[in-house]
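> sequence first, then the predicted structure, then my questions.
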Amino acid sequence: MKRRYIYLTAAVLSLSGCKESFLALAPISSTSTATFYKTGNDMVIALNATYGSLQSSGQYGSYYVVSEIPSDDTTPVLSGSVTDQDEFDKFYLRTTNPFLATRWNDGYRGIYRANAILDRIAAVTMDENLKKRVVGETKFLRALMYFNLVRVFGDVPLVLKETTDPAEGYNYDRAAVADVYAQIVKDLTEAEASLPDRYTGADVGRATKGAAKSLLGKVYLTRKQYAEAATKLKEVIDGAVYDLLPNYADVFKAANKNHKESIFDIQYKKGSIGEGNGLPNTYAPENSGNSVVQFGGGGNNRPTADFVNAYEAGDLRQNASMATGYTNAQGVRVEYNYVRKYSDAPTVSGDSEDNFPVLRYADVLLMYAEALNETAKPAEALPYLNRIRQRAGLAAKGTLNQAEMRLAIEQERRMELAFEGHRWFDLVRTGRAISVLTAKAQAIGIKASLTENNLVFAVPQSQIDINPSKIKQNPGY
Amino acid sequence: MTQLMVAVLFLSISHAHKMHAQELLNQRLTLSFESAEIKKVLQRIEKTTNVQFMYSSNVIKSTRRVSLAVNNERLAVVLESLLTPMEVAYEVAGNRILLKRVKAEKTATPNQTSVHPNEFAPIDRQIIGKVIDESGGGLPGVSVVVKGTAKGAITDSDGKYNLSIPEGNVTLVYSFVGYEAQEVAVGTRTTVDVTLKVDVKALSEVVVVGYGTQNRKDVTGSIASISAQDIKDMPVTNVAEGMAGKLPGVLIQQTTGAPGNSPSVKIRGFGSISAGNGPLIVVDGQPLNSGDLTNGSGLNLMNPNDIESVDVLKDASATAIFGSRGANGVMMITTKRGKVGRSRINFDYYTGVQEISKKMDMLNAQQFAEFSKEASNNAYLERVTGAQASDPNSVRAAGNRYRYPRGEYPGIDFDNPASLNSYDYQSLIFRQAPISSYQLSGSGGTEKIQYMVSGNYLKQDGIINTSGLKRYTFRSNIDAQLSPKLKIGMSVSPSFTTERRVNSDGHWASNGVINAALSQAPIIPIYQADGVTYNSQASIAGAYDWAGVTNPVANITELDNTATTLRLLGNTYADLTIWKTLKYRATFGADLNYFRQNQFQTSAIPLNQLLPPNANSGSSATRQSINWVTSHTLGYNVSLMADHYLDALVGFESQKNDFESNSVNANRFPNDIVRTVNAGVIIGGSSLRDQWSLASYFARVGYTYKDRYLVNASIRRDGSSRFGANQRYGIFPSASIGWRVTEEPFMKNIPTISEMKLKVSYGLAGNNAFSNYGSIGILGADNYVFGNALVNGLATSTIGNDNLTWEKSRQTDIGLELGLWKNRIFFTADYYSRTTTDLLLSVQVPTLTGFSTASRNIGKVENKGMEFGLVTRNTTGNLKWMTDLNISFNRNKVLALGPTGDAIRSGTGVGETNITVIGKPLGNFYGYQQLGVFKDQADLDSYPHDATARPGDVKFADINNDGKINADDRTIIGNNQPDFIYGMTNTLSFKGFDLGITVQGIQGGQILNLSRRFIENLEGSQNQLSTVLNRWRSPQDPGNGVVPRANQRTTGNNNAISSRWVESASYFRVRNITLGYNLPKATLERVKIQSLRLYGGIQNAFTSTKYLGFNPEVSGYENALTGGVDYGSYPLARTYTIGLNIGF
């Protein structure tokens, strides 16, 4: 009797042995890194997510904060004690500003994704043509991301391999601007070689050879390598893949997206699938209800009076780009400057169809004109400038000398590419930021004593705090 | 056999005593007598076993001689072999064993086991009577003894007794385990009825420990206990609420007053940073899902009335047996079980009303208008050259916050404040809310089967309109002795809860109720001109660049949010006696939880900046968790040669949790009538599943020598799915020793000291309350669009760590227990030191890696503290007065952090608000130190300031003395952790009346009141605390020197996180007052009711605090790193109740 119990107990106890399989539980609802990056399809999915990172707030989601707010074009909405955007506008940037942190963090998050693909793809068995294209696209994206980091922060750490242990993060210093640009040029050159001229069907929107050339042209222009810039941009023009649309307003219509003029867009799609563009709601005036864009607006990135006054009479672009007020639900007109380049009606707030243009053909033409002018060929630049003016319904310019041409191009870029994230970087590139903004300081409400230090923004305090021995602050912050 | 049954009967009756009678009879003896007087034999047994025999010389002639030889035999067997030949039977009552003659007609039926007086002493005089308990029920098994003799009787199943006593002045002593003994002088009476009072102290004589029970006297760990008695009249829906202030070392904070929410429970401070800080909850031996470790939410669906006791295990020697889940302490919950004897039916009911205990003092319309106008003018005059305060709005540029309402909208003219209507939005959202609870329970049993069943219905409306809770809980506990060797039992507790939730805590922009009610300008009518359509600040905001604060009333009425939870908590056990000393126990428990939530937002609700009609939307979500646990233990206990007692246990346990959730969202409903998602257009959904598992072996051994030297040791090995493949197993040992000094012979001469015990323990426990897949690298979706169609994208979102393992918490405890004057004063003291290493930390890493955090085992934190408890019986006569006082101190200190010792900076939705650094406690508030307000230009010029600062702006300290005010000047400006916590409960009773008062409080510690970033931001477009009446207005009228100037366009970084928002968290609270009355039995007998008690009480009667917000216990971001941040939360109610308890 007793013995039986002992056997029973022993049997139960022995059944219990804690099997390794009982404890080795793999995630059910998420993919584990152990099972990914194995096939060609995995690599394409990983690449899609790298494109996906472009939509993040720190990259193009709130790009206007680093590219337009500091310029003379726009000013932020007033929001009491929240000075995050005002600090960019009026140049009293605090190092803890959250836009700095997201700009830095989201940039490197995208770069990590690119690095992971580039480090792993060699070992993946897949279609070689596809592999080549994936590598090209990835390098284009990495270059674009570094270009946006180096223009915002100056020297930035140059991370070119996938992080496998977070401790590696403490090893990176800030690399010199020149080194970062060297890498950007290298990546773009390699991308250009392996990317196709155009895509069809389900791949429309991926980086093309033209996108790589255009971006490389912009990089050379920024580095004042005008001859190289002119060569590269001329290749884009000669390639005849792209052309201006006849009507300026059509360029920004959601229904036309990925048209002949667009070279590289951030792609968006509405329909509550997490891929909508938030800018229409971000830019519509505060408390405007449904009068401007469905579901109201944040009133951000308000065009300044200086900008509104910069339009020449009859400029067809003004109405397509912005408005100075709206009629509210009660039929009352409310004065409020706002951007309306992106104005597709969302189905839920922040979910519009509009793409955001990163590179478009008008930009290429104006950059080419600039490159020619800087290589002392203002006359050769003139037709390109006038193509843009004519489409805008403005009279063609006559002969201009180099200095006049510089200003004409600057003005044309300002109006043509307004609210597409160019103005601040243009002013910095051309060395005009301090003089232009200082001259307008009173009118646009910024401090008059801008210095070279203000041309790059502060490194986020959090990244200095975490690795103070390697990551140092920019001068003046 | 009969005798054994009798013993079982009494064993079960003495419920408070739990296994005591059984233990008594299980004591082992080694005796050898040859033809010895029976009296001597019995004396010897008395001496070695701590029992006392009661018998009449009629029953046993003491000179009778017996022979006996037993070796390590149970007392029961010894008695049987000794007494059966003499036709003598025995009964156990407490530690007394009553000997009596076996009568021929005796049967096993318990009702017939009463003792007949004739069996005892010569008839001198007959006394009859009845012994009842406080509820009026007859108490069986009470020993009634003639003082100074061995004469006595035991009450029958109705509590009646019959006894013959000698002539003269006789005093009878009534005693029963678990009750206070009573002495009564008989005088000339022939009937003596007695009511025995529950001995509160004795109730906790047995404490529940991991995988078993222990006698309180043998405990060497640190365990604090609370019984049903201590919480019985409180209108609490969660037992933890009732525990506040009653247990040393246990900090219970009611951080929100929302019905159905649970308080946060922390035992001995914060031992962890990223993993949970809440205790493991074990119900009837069943550890709940460790996801419930935080905030005691596993207790939410348990009816407090079903709980018999809660034993809180605090030190490592008590918790180490729970291994990787024991580090934050363990709450052992024991539910009520049936007892042998007459069936009892109880009906308990209370009803009451709750009201807000405090309203915030906000501006009225006139004060607001004056303030808002000043804010607009300040912004205008400062920025526009030549501007005059008298300039009309048309002159002031739009879009700059220069304009203020001047009659553009009817009835809103700040230049004519007297004309303004004032709306008190707090009074529109709060209400007096009823609460009621109905409970019917029945219990009873035979010696073979005992049962307890209960059903409870609780209906609690929330003090915020429309919020509320309905809860149905049922419990059935059954125990059955299937055979002498096999006992099985089962507990099943289904519950169903319906909660009507309101969005109380959110930002007004996301339709938070409280935030909107406080922020809404008091000049904004609730409805638009048509009197039906909801209005909001958006109706006028555009014209003045104001914020579009939503409508707090609509935020309640136009948002449906109903959550239902169905839970089945159940467990079964089987106890098998293999040998008399060896027992096997198998348990299986399951906790099934099914949660559904439906939300609908109507088109009538004003949204941020948007007046209605707006797009309606809805969602539907379900969550299901299935948790099972099974354990198998072998227990061995033996007494050797009377002086040695050994108790050992080995076992294993495995547990697994499986969680699944689904949700569906829809919008574009055709109308607001059909509100389920099918009526709208489905716009998204998700589905998720995850699991964890745990497999463990454990062992424990306890040894007692001469009842005075106590040694306990335990060890557990845990394997957990949560940790890295390389670090899956951990071992958790502990040991403790105790010395009951009062058992030493030399202490017998000091009668003042009735109990004195010293104890020391040391052990290791773990903490695995961490994400299920924290050690595994996970990819997250980041999709994109190509060809104008969605394409899938995946990217690494967390980086794996194969070495991730549990936190290890090493704790030393030194304790003293001291009872004086027969324990009329009972004092306990504990010192502990707990060091947690291998802290599970989501370490911040340089984001250039692509990650902002990575999970690591890094860092070390220490908690040291003292706990004192004092129970005194101040008076014991007709007026009984008992005081229970406790006070606890904890000091928390971070000893190591991160790979480079860097500070951990953490935020609460508004950027960095907290910092954790080495050498300081966890979770300090981090920001600027306010020195005051710049009084005038001279003051401004004389001290470093923000570039935008003007006179009237906040003066921040230049902490690093570099002549600039910037991010480098941020410093530690407070911490939520208290210096000490205390509580005191006084219970008084006089005749039928009883009064209980519980007070408790927290001293030291601060709160970061971030709500004031809304309601004291001085911006002028949202309502403000009345503190802004003391604002700076001009150098001549500088206010109180703390509140800066009103300004629509804040300058000087005034609203940065700073000491301006830091407030004292100290408070003193009268937590509960209850006055009860037991109706006299004589009255009740006529209506056949055993007992009837009426009572009334006030919960949260009074709070003394300097805190400006609703509740100083607040913690909007409950977490070790960000505790004590108030960002608006559901206030606590004061509750007035009346109730009754009826026993049939």
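That came in fine, so what should we check first? None of the values given here were measured: they were computed from a predicted structure.
> tell me which residue is most central in chain A.
residue A:60 (3.8 Å; C-alpha atoms, centre = their mean).
> max-length helix in the chain?
By default, I'm working from chain A. helix A:128-153 (DSSP state H).
> that was the other one, I meant chain B.
Longest helix in chain B by number of residues (criterion: DSSP H): helix B:365-383.
> counting contacts, what elements does it pack onto?
Packing contacts for helix B:365-383, counted by 3 or more C-beta pairs under 8 Å, 6 or more residues apart in numbering or on different chains; DSSP states H and E, involve no helix or strand. All C-beta spots, glycine's among them, are computed from the backbone N, C-alpha and C.
> the longest helix of chain A: which residues count as buried?
Neighbour counts over helix A:128-153 (16 or more other C-beta atoms under 10 Å in any protein chain shown) mark A:131, A:133-153 as buried.
> mind listing the helices for the stretch 51-200 of chain A?
For the stretch 51-200 of chain A, applying DSSP state H, counting those that start in this stretch gives helices covering A:64-67, A:86-90, A:98-120, A:128-153, A:177-194.
> for the ones you listed, which one sits closest to chain B?
Of all the helices of the stretch 51-200 of chain A, helix A:98-120 sits nearest to chain B, with 2.4 Å by C-beta to the nearest C-beta.
> list the buried residues for the closest one?
Within helix A:98-120, the residues scored as buried using 16+ other C-beta under 10 Å are A:98-118, A:120.
> give me the below-cutoff pLDDT ranges for the chain.
Reading this off chain A. Applying pLDDT under 70 to chain A flags the ranges A:1-19, A:79-81.
> wait, chain B was what I had in mind.
Across chain B, the ranges flagged by pLDDT under 70 are B:1-22, B:56-63, B:93-94, B:102-124, B:135, B:177-178, B:198-204, B:290-298, B:908-909, B:1116-1118.
> mind listing what the closest residue in space to residue B:854 that isn't next to it in sequence touches?
Nearest non-adjacent residue to residue B:854, counting by C-beta to C-beta, 6 or more residues apart in numbering or on different chains: residue A:166, 3.9 Å away. Residues near residue A:166 by C-beta atoms under 8 Å, 6 or more residues apart in numbering or on different chains: B:799, B:843, B:845, B:849, B:851, B:854, B:856.
> show me the two of the residues you listed that sit farthest apart.
For the contacts of residue A:166, the maximum inter-member distance is 13.1 Å, found between B:849 and B:856 (C-beta to C-beta).
> who has more neighbours out of the two?
Higher neighbour count among residue B:849 and residue B:856: residue B:849, with 25 against 21, using other C-beta atoms under 10 Å in any protein chain shown.
> got the phi and psi for that one?
Backbone torsions of residue B:849, given as degrees, to the nearest 10, read phi -70, psi -20.
> mind listing what it touches?
By C-beta under 8 Å, 6+ apart, residue B:849 lies in contact with A:108, A:112, A:159, A:163, A:166, A:168-169.
> whichever residue of the stretch 1-150 of chain B sits closest to chain A - nearest residue in space that isn't next to it in sequence?
Residue of the stretch 1-150 of chain B nearest chain A, by C-beta to the nearest C-beta: residue B:74 (16.0 Å). Among residues not flanking residue B:74 along the chain, residue B:26 sits closest, at 5.5 Å (C-beta to C-beta, 6+ apart).
> give the burial count for the one you found, as a bare number.
Around residue B:26 there are 17 residues (other C-beta under 10 Å).
> quick one: it from residue B:767, how far?
Using C-beta to C-beta, to the nearest Å, residue B:26 is found at 37 Å from residue B:767.
> wait, residue A:299 touches residue A:336, no?
Yes - here residue A:299 reaches residue A:336: they are 7.1 Å apart, a contact under C-beta atoms under 8 Å.
> identify the contacts common to the two.
Common neighbours of residue A:299 and residue A:336, counting by C-beta under 8 Å, 6+ apart, are A:285, A:288.
> so which bits of the stretch 351-500 of chain B are right by chain A?
Neighbours of chain A within the stretch 351-500 of chain B, by C-beta under 8 Å from any C-beta of the partner chain: B:398-401.
> swap that for the stretch 751-900 of chain B, please
Listed as neighbours of chain A in the stretch 751-900 of chain B under the rule C-beta under 8 Å from any C-beta: B:772-773, B:776-796, B:799-800, B:843-852, B:854, B:856, B:899-900.
> if we use 7 Å, what do you get?
Taking C-beta under 7 Å from any C-beta of the partner chain, the part of the stretch 751-900 of chain B that reaches chain A is made up of B:773, B:776-780, B:782-796, B:799-800, B:844-852, B:854, B:899.
> what sits opposite residue B:825 in the beta ladder?
For residue B:825, the beta-bridge partners are residue B:820, residue B:872 (DSSP bridges).
> what number of residues lie near it?
17.
> and the residue of the stretch 451-600 of chain B nearest chain A?
For the stretch 451-600 of chain B, C-beta to the nearest C-beta, closest residue to chain A: residue B:542, 3.6 Å.
> which SS class is that residue?
For residue B:542, the assignment made with DSSP: H, G, I helix; E, B strand; the rest coil gives helix.
> now it: closest residue in space, sequence neighbours ignored.
Spatial nearest neighbour of residue B:542, chain neighbours left out: residue A:287 (3.6 Å); criterion: C-beta to C-beta, 6+ apart.
> the one you found and residue B:137, how far apart?
Look at residue A:287 and residue B:137: by C-beta to C-beta, they are 69 Å apart.
> quick one, phi psi at residue B:66?
Taking degrees, to the nearest 10, you get phi -130, psi 160 for the backbone angles of residue B:66.
> for chain A, what's its nearest residue on the stretch 851-1000 of chain B.
residue B:854 (3.9 Å).
> now for residue 221: which residues touch it?
No chain was given, so I picked chain A. Counting by C-beta atoms under 7 Å, 6 or more residues apart in numbering or on different chains, residue A:221 makes contact with A:229, A:367, A:370-371, A:429.
> my bad, chain B
B:313, B:315, B:317-318, B:736, B:761.
> surely residue A:391 touches residue A:243?
No - checked against C-beta atoms under 7 Å, the pair residue A:391 and residue A:243 is beyond contact range at 11.0 Å.
> which one's more surrounded, these two?
Taking neighbours as other C-beta under 10 Å, residue A:391 and residue A:243 compare with residue A:391 leading, 18 against 11.
> if I look at that one, how far off is residue A:365?
As judged by C-beta to C-beta, residue A:391 and residue A:365 stand 10 Å apart.
> what do you get for residue B:879?
For residue B:879, the distance to residue A:365 (C-beta to C-beta) stands at 100 Å.
> so for the two, which residue has more residues nearby?
Shown here are residue B:879 and residue A:365; by other C-beta under 10 Å, residue A:365 has more neighbours (24 against 12).
> any idea what the residue of the stretch 1-150 of chain B closest to chain A is bridged to?
Beta bridges link residue B:74 to residue B:28, judged by DSSP bridges.
> just checking, it touches residue B:580?
Yes - counting by C-beta under 7 Å, residue B:580 is a contact partner of residue B:74 at 5.9 Å.
> so between these two, which is more surrounded?
Neighbour totals were compared for residue B:74 and residue B:580, and residue B:74 leads with 18 against 15 (other C-beta under 10 Å).
> center of chain B - which residue?
A centroid search over chain B (C-alpha atoms, centre = their mean) returns residue B:240, at 2.3 Å, as the residue closest to the centre.
> in a strand, that residue, correct?
No - counting by three-state DSSP, one finds residue B:240 to be helix, located in no strand.
> isn't it right up against residue B:252?
Yes - contact criterion C-beta under 7 Å: residue B:240 and residue B:252 qualify, at 5.7 Å.
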